[in-house]
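# Task: produce atomic coordinates for the following.
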Amino acid sequence: MRDRTRAILLTGVGTIGRELLLALVRRTDYKIAIIIRPRARRTAEERAARVFDEIGLTAEERARVEVVAGDLTLDGLGLEPTVEARLIASTEIIIHTAAVTSLTADRALCESVNVNGTANLLVFAGRALGEGILRRFIHLSTVFVVGSGKRGVVKEDHLAPTPCHLNHYEWSKYEAERIVRATIGVGLPVTILRPSMVVGDTVTGWTRDFNVIYPLLRLMSNGWISRFPARPDARVHLAPIDFVVEATLRAMEADWAIGRTFHLTSPTPPTVEELLACDEFFPAGASRPRLCPPDQFEIAECPPRERELLESVAFCFPYFNLQLSFETANAARLMPLPVTDADYLRRLGRYAVESGYLRRIAA
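Residues are numbered from 1 along each chain as shown. This is a model prediction of the structure:
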């Protein structure tokens, strides 16, 4: 049994962070410390209790998790000095998932959380390496650090010197990864994971969060969008949530993963045309939107209600017109890569319907 005074420090309890927390508690014998920022009228403990309820932790499992009130955007992570000193001495692994992930977030917020928050955590990690027992810093990045406006093949152990970012999220994750990669040269044991768009479970299609592709597909399946600016052959890069969690657990124990970057995505992603051909996302009798060449599409020409809806999801247009592919050699060495084929899409669609997120019949 591992020394229970040794801990994994986890930042972030969003889509990936929550599932990692559950897996770490149930599949490892580490003590888990999570940094949570008090918000509005809710304390860190109250916010954590809601997360514990959501993921179904037992009382015994909750006792394995230390809730630490802090704020990554502040010097010293906003920790009490005695708490900071204890964590520096006892943290064996840091898993950094905390981030602003909204594609419409403003630059100041993205910079504060994604860039400055990461820089502050790296200062903590440097002290933990020098004064404690730290043996790994795992940084959750994104395949889109290259920028969704870029073209070509993206290498894993490489950060493009000339990215083409189309939103502040991409820019901030690029800057965060840039400063993380800089610490590799000074000895920090870094592993970088770059998931693509995180969606449902490989086998069941299950998800807690209907994000990324799901809101757009709901608009489409409801018949509220009759046209959409996308290339039919553009690839939709998906990463099943269970694959991302398993890859993280394996990466933190693989010595050869130090200093390496992993693209957590399918090597054979479906096309936009294949996604819209999946009957499970559309009720019987529902029509699919007509795909229009992006350079010929004008939102202003759409009817008022449709124009309003399209404007609300315009931020996601680039992700359905990608001209990118991602090297996955490191990821394939780590574990079997996911297959996101027509059968997988059907599983995603079926779960979205069974959960009530998508309707069953046409209106």
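# Please make it C-alpha for all contacts and neighbour counts, starting now.
Fine.
# could you measure residue 346 against residue 267, distance?
19 Å (CA to CA, to the nearest Å).
# mind listing what residue 134 touches?
By CA atoms under 8 Å, 6 or more residues apart in numbering, the contact set of residue 134 is 90-94, 125, 128.
# Among those residues, which one lies nearest to residue 142?
Residue 142 has its nearest neighbour among the contacts of residue 134 in residue 94, at 17.5 Å by CA to CA.
# Would you confirm that the closest one belongs to a helix?
No: looking at residue 94 with DSSP: H, G, I helix; E, B strand; the rest coil, it is strand, so not inside a helix.
# Dig out what it forms beta bridges with.
Per DSSP bridges, the residues bridged to residue 94 are residue 9, residue 137.
# can you pull the pLDDT of the closest residue to residue 190 other than its chain neighbours?
Excluding its sequence neighbours, the residue lying closest to residue 190 (CA to CA, 6 or more residues apart in numbering) is residue 137, at 4.7 Å. On pLDDT, residue 137 comes in at 98.
# and what of the one 5 residues further on?
According to the model's per-residue confidence, residue 142 sits at a pLDDT of 98.
# can you pull the contacts of it?
The neighbourhood of residue 142, defined by CA under 8 Å, 6+ apart, consists of 173, 193-196.
# Then residue 273?
Residue 273 touches 232-233, counting by CA under 8 Å, 6+ apart.
# Check whether it sits in a helix, strand or coil.
Under three-state DSSP, residue 273 falls in the helix class.
# what ranges do the strands span in the stretch 51-200 of the chain?
65-69, 91-96, 136-140, 151-154, 190-195, 197-199 (DSSP state E, counting those that start in this stretch).
# Quick check: residue 211 vs residue 15, distance?
From residue 211 to residue 15 the distance is 9 Å (CA to CA).
# sorry, back to before: quick one: the contacts of residue 142 as CSV, columns for neighbour count, distance to residue 167 and pLDDT too.
Below are the contacts of residue 142 laid out as CSV (neighbours: other CA atoms under 10 Å; distance: CA to CA, whole Å; pLDDT from 0 to 100):
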residue, neighbour count, distance to residue 167, pLDDT
173, 27, 10, 98
193, 25, 20, 98
194, 21, 17, 98
195, 25, 17, 98
196, 21, 16, 98
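# quick one: contacts for residue 263?
143, 156, 193-196, 326-328, 330-331.
# let's go with 7 Å and repeat that
For residue 263, the contact set (CA atoms under 7 Å, 6 or more residues apart in numbering) comprises 143, 156, 193-195, 326-328, 331.
# ditto for residue 191
Contacts of residue 191 (CA under 7 Å, 6+ apart): 137-139, 257-261.
# longest helix of the chain?
When secondary structure is assigned using DSSP state H, the longest helix within the chain turns out to be helix 168-184.
# Show me what it is packed up against.
Identification of packing neighbours for helix 168-184 by 3 or more CA pairs under 7 Å, 6 or more residues apart in numbering; DSSP states H and E yields helix 107-110.
# can we see that at 10 Å?
Judged by 3 or more CA pairs under 10 Å, 6 or more residues apart in numbering; DSSP states H and E, helix 168-184 is in contact with helix 107-110, helix 117-131, strand 136-140, strand 190-195.
# What residues sit buried inside it?
Buried residues in helix 168-184, counted by 16 or more other CA atoms under 10 Å: 168-178, 180-181.
# do the same with stretch 12-28
Of all the residues in stretch 12-28, those buried under the rule 16+ other CA under 10 Å are 12-22, 24-25.
# hang on, the earlier thing: wait, which of the buried residues of helix 168-184 is closest to residue 216?
Set against residue 216, the nearest of these by CA to CA is residue 169 (19.0 Å).
# could you dump stretch 206-216 to CSV, C-alpha only?
The C-alpha coordinates for stretch 206-216 follow below in CSV (Å, rounded to 0.1, in the frame of the first residue of the first chain):
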residue,chain,number,x,y,z
TRP,A,206,-22.7,8.1,-21.6
THR,A,207,-21.8,11.7,-20.6
ARG,A,208,-22.5,14.0,-17.7
ASP,A,209,-22.0,17.1,-19.9
PHE,A,210,-23.6,17.7,-23.2
ASN,A,211,-21.0,20.1,-24.5
VAL,A,212,-19.1,20.7,-27.8
ILE,A,213,-21.0,19.0,-30.6
TYR,A,214,-24.2,18.3,-28.6
PRO,A,215,-25.8,21.8,-28.5
LEU,A,216,-25.4,22.2,-32.2
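# For that stretch, buried residues please.
In terms of neighbour count (16+ other CA under 10 Å), stretch 206-216 has its buried residues at 206-207, 210, 212-214, 216.
# Same question for stretch 276-287.
By 16+ other CA under 10 Å, the buried positions in stretch 276-287 come out as 276, 278-283, 286.
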